[in-house]
Structures are given as structure tokens and as C-alpha cells.
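**Student:** Sharing a model that was predicted from the sequence below.
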Amino acid sequence: MTKKTQAAYTYLRASPSVALNQLSTVVAAESAPHRTRVKSPIAIAGAACIGLGVLVAIVAWSAFELGRRQSGARVEPPRAQAKLVPQPPAVILPAPVPRLVRVPLVAQRPQSKSLVAARPVPQPPAAPVIPKIPASDKEDKEIEALETAIARGHACLAASQSPDGSFQLAEQRVGFGGMARNAYPVGPTALATLALLKSGATADDPVVASALKFLRGRRLPEGTYEASLVLMALVAANEWDEDRRRIVQLRDSLVRMQTTVGAKSGMWNYGQGKYGGGREDNSNTQFAILGLGESTRIPGVRVKRKTWELASKHFVDHQNKDGGWGYYDGDSSTGSMTCTAIASLLTCSTMLRDRGPASAARERAVQSGIDWLDQYFAVGVNPGHGATFVLYYLYGVERVGRLSGRRFFGQHDWYREGAAYLVDGQSRGDGGWYGPFTAAEAEKVIGTSFALLFLGKG
């Protein structure tokens with residue numbers, strides 16, 4: 001096929017009619033020389049046959065090309081030595097659909113469920129809302145009974161107050177050291193004043209104000225119990241501008257009374273000279289430590305470090321093997337004295353704020369003491385001491401619970417169980433509390449004061 005013939009084929013895709021005219025012109029041009037040389041009829045007939053054959057081929061190709069166009073197939077011109085490779089049917093893809101982007105409203109809460117879940121927008125965490133859970137009827141009754149018991153206890157002490165503002169014991173008793181001896185006339189008054197203030201009364205209450213006036217008008221006590229109790233009462237009154245000088249003097253007196261040498265180093269006894277002296281014990285030691293600790297609440301009032309270190313070392317060194325403590329070193333462990341030691345060690349830790357071997361030993365001693373309470377805790381009895389000094393023991397439990405931040409000893413909710421015991425055991429007559437098996441606690445002022453210190457978590 002000549003170049004012109006090949007050129008005609010290229011028109012097939014554009015227009016069959018144009019290609020036919022082009023091919024007829026090519027055939028006519030190519031057969032023209034033959035017409036000049038061959039004049040016979042046979043030659044003319046042969047040329048006509050050739051032209052007719054070409055014409056048929058062109059028509060057939062044109063029809064084929066039109067069919068291909070209508071079916072969407074692509075027509076390629078023939079290539080020399082090319083093999084036809086079957087092609088997969090064309091896949092007609094749908095037009096892309098524009099993507100819809102949901103723009104959520106900031107801080108908008110969904111009002112209903114949606115079929116299309118919107119992507120959440122990160123928001124800063126909101127402050128937790130703590131729901132107010134209404135107290136149950138049982139809790140309401142417990143609170144009401146507790147408040148009634150405290151109010152009746154206040155009324156009991158108010159009825160026991162003397163015209164001069166003091167609280168005197170009904171009988172002259174012995175057996176509780178300075179607390180039940182007439183030699184310490186300000187001791188019961190200081191204890192009652194502290195109990196009233198720690199259980200809800202204020203310094204301007206007429207009963208409390210009268211008691212404070214009595215305490216301020218007396219000379220400074222020199223015994224350990226009295227000095228400690230008066231100091232704690234004045235601090236609790238929160239009238240520090242007026243009482244600062246007396247508080248500092250009582251602090252200095254207690255620091256001087258501490259035993260600083262020998263086997264009893266770090267302890268306190270009943271006091272100096274005619275106020276007792278004698279053998280050091282853990283009960284006097286606890287009251288001195290509690291009093292000194294309260295004095296540091298006054299701005300600028302401090303206690304020298306050596307005092308806390310000696311007291312801490314004493315309780316660590318004289319702990320019983322079972323984890324408890326007794327009244328004297330070496331005595332069997334009791335609930336009241338174990339609480340005494342734990343409260344004293346916790347107070348020393350607060351004052352020292354140290355780190356090292358001494359601090360680690362103190363922490364181990366405290367934990368061993370709490371383990372002892374976890375095992376032997378009870379209300380209604382003083383573990384290891386029977387039915388004696390039960391109210392004093394409960395005050396010790398309150399001190400340990402508050403200072404350690406513990407609500408439970410073992411499986412016991414110490415405050416709830418202790419409060420239920422005291423509410424049930426309160427006198428139906430005058431509203432006081434009495435410890436029938438202990439001479440000192442049998443005194444209304446002392447027994448009621450210890451009960452109020454527990455109930456008021458003083």
C-alpha cells in the first residue's frame with residue numbers, strides 16, 4: 001500500500017465519507033497510467049473489478065467503523081506485526097461526590113441520637129461535679145442523737161459550774177494523780193473548759209467566758225497535768241493577744257519539767273516539788289507533749305528541737321514487743337497508753353519534720369502501735385486494762401484517729417462505734433457521763449469532759 005493509501009486510512013476515524021473520496025482519488029490516480037498503456041477491454045474490465053473491490057472494502061470498513069463508534073470502542077489503525085491483546089471491558093466510574101464536612105458547635109451537647117456520628121471536638125476537662133447525696137434516715141437520726149448528746153453534756157457542765165467560774169469535784173478523791181486531788185484546783189476547770197471549746201462552744205459563751213476568767217486569775221500551775229490543760233484551754237479560746245504571755249510561760253514551765261538525763265530521759269512526771277514529782281510515766285508525758293504542740297499554733301511560739309527529740313526517742317526505745325505501751329516502762333500494753341504513745345510520736349513527727357534513721361524508727365514504732373490497735377480495738381473497755389479508764393482511753397483513740405487521719409482501726413469505724421457507745425451510755429438524768437469503775441471518771445466533770453472531747457473530736 002502506497003503512502004497515499006495509508007494516509008486515506010487515517011481519515012477513517014474522523015469521517016468515512018471523506019476517506020471514501022480520498023481513496024477513490026487515490027485509486028483513480030494510481031490506475032491512470034494503466035489506462036494509457038492498456039486499451040483492451042480485458043484490461044478495462046480488470047481495472048473496473050479492482051476498483052469495485054476497493055470500493056466494497058471501503059464500504060465494509062466504513063460500516064465497521066461506525067458500529068465501533070456507536071459502541072464506544074476505540075479504533076486504532078492497523079500496525080505491522082502487531083498482535084491484538086484482549087482488553088477488559090471498560091469500567092465507567094461514577095462522578096466523585098463532594099465530601100460533606102460536619103462542623104460541630106463548640107461545647108454543644110447532642111439533643112438526640114444521630115445516624116451519623118460526628119467526630120467530637122476536644123474540649124478542656126470540666127471540673128468534676130460532686131453530687132450531693134442526701135443522708136439516709138439512719139444517718140439523720142445518728143447526727144440528731146449526737147447533737148442532742150453534746151448539748152445535754154454542755155448543760156450538765158454548766159449546771160456543775162461554781163459561781164467563780166470554776167468546776168470543782170464533788171468529792172475529794174485520790175487515784176488519778178493531779179486530776180482528782182484537791183492540790184490541783186485548776187485541773188478540772190481547765191479540762192472542762194477545753195472540752196466545751198472543742199465540742200462547739202465559743203469563748204464568748206457565758207459558761208466558757210466565766211471559766212476563762214477563773215483560769216486567768218489564778219497563778220500559773222506547776223504540775224504537768226494542770227500546766228498542759230490550762231495551756232491547751234487558752235490556745236483553744238483563740239484569744240491569743242490576751243493570753244500570749246501566759247501561754248509562753250506555760251510552755252517554758254513544761255520544757256523545764258522534762259527529764260533530760262538518765263534512763264527516763266524524754267519523759268515527764270507529775271511535776272516539781274510539792275506538786276508531785278516522783279516517777280515518770282507515759283500519761284503525764286502525753287499531756288505535756290499535747291500542750292507543747294498546741295502552743296506552737298501561736299505565731300512566733302516555738303519549742304526547742306531537743307525537747308521533741310528526747311520525747312520521740314523515749315517512746316521508740318521503750319515500745320513493748322507486741323507493739324503497745326504501758327503506763328510505766330515495762331508494763332503490759334493497754335489501749336489508753338498505746339494511744340498515748342502513738343499520739344505523742346505523731347506530734348513529735350509534726351514538730352521535727354526530719355528525715356533519716358530517727359524518723360524511720362519513729363515511723364516503724366507508730367505503725368506497730370497502730371497494728372496493735374487494729375488487733376485489740378474495742379469500745380466499752382480499755383483493752384488490756386478492763387473496764388477502768390474507758391473514757392480516758394476513748395479520748396486517746398480520738399487523738400490517734402485525728403492525728404493519723406485514720407477512720408478505721410481494723411474493721412472498726414472508731415468514731416461511729418465510740419459515739420454510739422457514749423450516746424447510749426449518757427445519763428438519762430443530768431446528761432453527764434460517769435466511769436463507774438474508775439474513781440476519777442466517776443466524777444461528773446472529768447467523765448463528761450472526756451466524753452465531750454471524743455464526741456467533739458477535740
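**Tutor:** That came in fine, so what should we check first? Keep in mind the model is a prediction, meaning the values are calculated, not measured.

**Student:** how many other residues sit next to residue 404?
**Tutor:** Residues contacting residue 404 under the criterion other C-beta atoms under 10 Å number 17. Glycine gets a C-beta too; all of them are placed from N, C-alpha and C.

**Student:** Give me the spatial nearest neighbour of it, chain neighbours excluded.
**Tutor:** For residue 404, ignoring the flanking residues on the chain, the nearest one in space by C-beta to C-beta, 6 or more residues apart in numbering is residue 346 at 6.1 Å.

**Student:** from memory the one you found sits against residue 401, does it?
**Tutor:** No: in this structure residue 346 lies outside contact range of residue 401 using C-beta atoms under 8 Å: 10.7 Å.

**Student:** Which elements pack onto whichever strand or helix holds the residue nearest to residue 404?
**Tutor:** Element membership of residue 346, judged by DSSP states H and E, is helix 335-352. Contact here means 3 or more C-beta pairs under 8 Å, 6 or more residues apart in numbering; DSSP states H and E; on that basis helix 335-352 packs against helix 282-295, helix 305-317, helix 357-376, helix 390-404.

**Student:** Tell me how far residue 221 lies from residue 445.
**Tutor:** Distance of residue 221 to residue 445, computed by C-beta to C-beta, to the nearest Å: 17 Å.

**Student:** so residue 362 sits right up against residue 311, yeah?
**Tutor:** No: the pair residue 362 and residue 311 does not pass the contact test of C-beta under 8 Å, sitting 10.5 Å apart.

**Student:** Common neighbours of the two, please.
**Tutor:** residue 348 (C-beta atoms under 8 Å, 6 or more residues apart in numbering).

**Student:** Comparing the two, which residue is more hemmed in?
**Tutor:** residue 311 (26 against 20).

**Student:** can you tell me which residues contact the more buried one?
**Tutor:** Taking C-beta under 8 Å, 6+ apart as the test, what residue 311 contacts is 258, 266, 267, 285, 289, 344, 348.

**Student:** Report pLDDT for it.
**Tutor:** On pLDDT, residue 311 comes in at 98.

**Student:** Just give the nearest non-adjacent residue to it, would you?
**Tutor:** Nearest non-adjacent residue to residue 311, counting by C-beta to C-beta, 6+ apart: residue 266, 4.6 Å away.

**Student:** Compute the number of surrounding residues for the one you found.
**Tutor:** Quick note: residue 266 (other C-beta under 10 Å) scores 25 neighbours.

**Student:** Ok, residue 408 next?
**Tutor:** Here the number of neighbours of residue 408 (other C-beta under 10 Å) works out to 14.

**Student:** what's around the nearest residue to it once chain neighbours are set aside, how many residues?
**Tutor:** Spatial nearest neighbour of residue 408, chain neighbours left out: residue 414 (6.9 Å); criterion: C-beta to C-beta, 6+ apart. Around residue 414 there are 21 other residues, counting by other C-beta under 10 Å.

**Student:** separation between residue 414 and residue 447?
**Tutor:** According to C-beta to C-beta, residue 414 and residue 447 sit 19 Å apart.

**Student:** and what of residue 152?
**Tutor:** Distance of residue 152 to residue 447, given as C-beta to C-beta: 14 Å.

**Student:** more neighbours, these two?
**Tutor:** residue 447 (23 against 17).

**Student:** Just the angle for the helix or strand containing residue 445 relative to helix 390-404, thanks.
**Tutor:** Using DSSP H and E, residue 445 maps to helix 444-455. Angle, helix 444-455 to helix 390-404, by axes from the mean of the first three to the mean of the last three C-alpha atoms, to 10 degrees: 30 degrees.

**Student:** Pull helix 444-455 out as CSV, backbone CA atoms only.
**Tutor:** The C-alpha trace of helix 444-455 is given here as CSV (Å, rounded to 0.1, in the frame of the first residue of the first chain):
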residue,chain,number,x,y,z
LYS,A,444,-19.1,14.1,136.6
VAL,A,445,-16.8,16.9,135.5
ILE,A,446,-14.0,14.6,134.5
GLY,A,447,-16.1,11.8,132.9
THR,A,448,-18.3,14.3,131.0
SER,A,449,-15.3,16.3,129.8
PHE,A,450,-13.5,13.2,128.3
ALA,A,451,-16.7,12.1,126.6
LEU,A,452,-17.2,15.6,125.0
LEU,A,453,-13.6,15.7,123.9
PHE,A,454,-14.3,12.4,122.0
LEU,A,455,-17.7,13.5,120.5
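
**Student:** Just give me the neighbour total for residue 392.
**Tutor:** 25.

**Student:** Which residue comes closest to residue 291 once chain neighbours are left out?
**Tutor:** Leaving aside its sequence neighbours, residue 291 sits nearest to residue 228 (C-beta to C-beta, 6+ apart; 3.4 Å).

**Student:** pretty sure that neighbour contacts residue 288?
**Tutor:** Yes: counting by C-beta under 8 Å, residue 228 does reach residue 288; the two are 5.5 Å apart.

**Student:** So these two - more neighbours on which side?
**Tutor:** Just comparing residue 228 and residue 288: by other C-beta under 10 Å the higher neighbour count belongs to residue 228, 30 against 27.

**Student:** and that one, what element?
**Tutor:** Using DSSP H and E, residue 228 maps to helix 224-237.

**Student:** Cheers, nothing more for now.
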